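Asks: build me a model from this:
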Amino acid sequence: MKKSAFMRCIAVAVTSAVAAISLPIMPAAAVQNISLNIAKVQVTPSQLEESRTVAVELHIDGNEEGFLAAEFGIAYDNRLLLDSVVQDTAPGNLFVYADNPDSDYIWFSGASATKAASATNGRYTLMTLNFTLPETAVVGDSYYIGYTWDGLDGKDAYWYSDKGVNEAETLSGHSITGSISIPDPQAPKLSDSALRMNRGETTKLELSNHDGVVNWFSDRGNIADVDNDGNVTAYNPGTATIYCIAGTSMLTCDVTVTKEYYYSIVGDSPITLTDPENEVYVEYPSPQGMVVWMSTRPDIVTIDNGLLTGVKNGTAQIIGTCNNVTYVRAVIVAYPEPETNEPETDPLQTESLDETDVPPLTDHIEPTVASVTDTCLPPDRTSGDLNGDGSVSILDVIILNQNLMIGTPIDESARAAADVLRDGVINEADSLTILKYVVELVPALPIVP
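Replies: Sure thing, here's the model as predicted:
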């Protein structure tokens, strides 16, 4: 039986459900700001031996417009079995779907909470399609998965942006076609099949298993171009495909150039903010749960769900914690000084910021060292030592942050140790003070007002 039973069952109810959430199609507008990126998945021969089930993600890119409602189809190779559809659980998402018994595509109709803030440059996973490869799958096979706008029962695809406009053909030129392939380990291979790049960045694509002549080109060189050595340079926001012709093989790499700038929390060099108009995000590597973010100097730079905002020029450290694993990276805010019309008399000497010279952070809290022993603490606990291991470390900061942000309980001894400012209140100021003590910016705990 080719189709899953649940798919046929949901098809019965799809008509009434679609009627309840579909919007009337408005006159087409020149909207070229929505794209659907379908993942390209490569399955190794060893993975094929373990499981023939493959997950393919659908990513939405709203380019500042997001979308409110959509009807669209995903066509797929008739050798594949569609097992299930796992939708994103964001509040407001509501998609119904059905497969066509006569063709190999699934038709989606619904609404979404994917606003401009989240539907940008592939950052938002709309849903995941789980396919089973045929038992006859072998090395060298490739299975097509793509967007279609010829819909179920004569429907046409459409996408409503946040601005309430619609373009039925919007995705036709801006969707990245997906696939499932089982490459030959000995065939020519690119180091990446997809890249996300910041404007101005250059990344080298490495070609392996080929020593002959190689030709490189880009289908949209104004967005991302490539030289004869495989060096890809990002120029403008959008998507482009890099092609590599190696002998009889044609390899591709899909490049998404973001308007935003993305950096990993893992890294030794500081992240430098030079333009207050840029959106700069920090990403935690493969978080399995909620990431707790904080800045050691919120008066210089703040971080909210990974988004950095410079407050004033200076240097700080940002901290990302997930499941008790913490990373720290320096951030330098180096915005241009505002222009003034006042005559220059005796300009102040300004010290240039050097990424290799992180200045000490000393000016925003002037601690007063406690002169008396805190009798509220148990005899085996010192101020700032929440876990009672006899020392104050980043683990104590993590424990306090988890309590403040997600309500992880702590006992009375830990609460007494957490109140390092001795004001009777446990809050972010205590967490920041403990962190400063850990990085040796505060000489002692507790701090007596």
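
Asks: what residues are bridge-paired with residue 36?
Replies: residue 60 (DSSP bridges).

Asks: contacting residues for the closest residue to residue 97 other than its chain neighbours?
Replies: Closest residue in space to residue 97, ignoring its immediate chain neighbours: residue 108 at 4.8 Å, by CB to CB, 6 or more residues apart in numbering. C-beta coordinates here come from the backbone N, C-alpha and C atoms, glycine included. Residue 108 sits next to 70-74, 95-97, 127 when contact means CB atoms under 8 Å, 6 or more residues apart in numbering.

Asks: just checking, residue 400 touches residue 420?
Replies: No. Taking CB atoms under 8 Å as the definition, residue 400 is not a contact partner of residue 420, at 9.5 Å.

Asks: take the contacts of residue 108 and keep only those in helices.
Replies: Among the contacts of residue 108, no member falls in helices (DSSP state H).

Asks: what residues go with each domain of the protein?
Replies: 5-181, 189-258, 261-333, 365-449 (automatic domain parsing).

Asks: redo those as CSV? Include mean pLDDT.
Replies: Output for the domains of the chain, formatted as CSV (pLDDT from 0 to 100):
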stretch, mean pLDDT
domain 5-181, 68
domain 189-258, 89
domain 261-333, 88
domain 365-449, 77
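
Asks: the nearest residue to residue 408 once chain neighbours are set aside in helix, strand or coil?
Replies: Of all residues not flanking residue 408 in the chain, residue 402 sits nearest, at 4.0 Å (CB to CB, 6+ apart). Three-state call for residue 402 (DSSP: H, G, I helix; E, B strand; the rest coil): helix.

Asks: what are the ranges of the helices in the stretch 301-449 of the chain?
Replies: Ranges of helices within the stretch 301-449 of the chain are 394-406, 412-418, 428-438, based on DSSP state H, counting those that start in this stretch.

Asks: the shortest one: how far from the chain's middle?
Replies: Read that as helix 412-418. The chain centroid and the centroid of helix 412-418 are separated by 36 Å under CA atoms, centre = their mean, to the nearest Å.

Asks: got it, and stretch 309-329?
Replies: Using CA atoms, centre = their mean, the offset of stretch 309-329 from its chain centre is 17 Å.

Asks: and the closest residue to residue 133 other than its chain neighbours, how many residues sit next to it?
Replies: The shortest distance from residue 133 to any non-neighbouring residue, by CB to CB, 6+ apart, is to residue 52 (4.2 Å). Burial of residue 52 is recorded as 15 neighbouring residues (other CB atoms under 10 Å).

Asks: now residue 110
Replies: Residue 110, neighbours per other CB under 10 Å, totals 19.

Asks: tell me the secondary structure at it.
Replies: strand.

Asks: run through the bridge partners of it.
Replies: Counting by DSSP bridges, the residues bridging with residue 110 are residue 70, residue 95.

Asks: does it touch residue 70 like I think?
Replies: Yes. Counting by CB under 8 Å, residue 110 does reach residue 70; the two are 6.9 Å apart.

Asks: circling back to that earlier point, does the residue nearest to residue 133 really touch residue 135, like I thought?
Replies: Yes. Look at residue 52 against residue 135 with CB under 8 Å: they come within range, at 7.3 Å.

Asks: what sits up against stretch 407-415?
Replies: 377-378, 381, 386-388, 399-400, 402-403, 418, 426.

Asks: ends of that stretch, what's the gap?
Replies: Across stretch 407-415, the terminal residues are separated by 13 Å (CA to CA, to the nearest Å).

Asks: likewise stretch 268-286?
Replies: For stretch 268-286, the separation between the terminal residues is 19 Å (CA to CA).

Asks: which of the residues in it are buried?
Replies: When neighbours are counted by 16 or more other CB atoms under 10 Å, the buried residues of stretch 268-286 are found to be 270-273, 280, 282, 284.

Asks: next: stretch 314-327.
Replies: Under 16+ other CB under 10 Å, the buried positions of stretch 314-327 are 314-322, 326-327.

Asks: next one: stretch 36-52
Replies: For stretch 36-52, a neighbour-count test (16+ other CB under 10 Å) marks 36-41, 43, 48 as buried.

Asks: just the CA atoms of that stretch, as PDB, please.
Replies: The C-alpha trace of stretch 36-52 is given here as PDB (Å, rounded to 0.1, in the frame of the first residue of the first chain):
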ATOM      1  CA  LEU A  36      10.500  28.000   0.400                       C
ATOM      2  CA  ASN A  37      13.700  26.100   0.900                       C
ATOM      3  CA  ILE A  38      13.400  22.300   0.800                       C
ATOM      4  CA  ALA A  39      16.300  20.500   2.300                       C
ATOM      5  CA  LYS A  40      18.700  18.400   0.200                       C
ATOM      6  CA  VAL A  41      19.500  15.200   2.200                       C
ATOM      7  CA  GLN A  42      22.400  12.900   1.400                       C
ATOM      8  CA  VAL A  43      22.100   9.300   2.800                       C
ATOM      9  CA  THR A  44      25.300   7.400   3.200                       C
ATOM     10  CA  PRO A  45      25.300   3.700   2.400                       C
ATOM     11  CA  SER A  46      25.800   2.800   6.100                       C
ATOM     12  CA  GLN A  47      22.800   5.000   7.100                       C
ATOM     13  CA  LEU A  48      20.800   3.200   4.400                       C
ATOM     14  CA  GLU A  49      21.600  -0.100   6.000                       C
ATOM     15  CA  GLU A  50      20.400   1.100   9.400                       C
ATOM     16  CA  SER A  51      17.200   2.900   8.400                       C
ATOM     17  CA  ARG A  52      15.400   3.800   5.200                       C
END
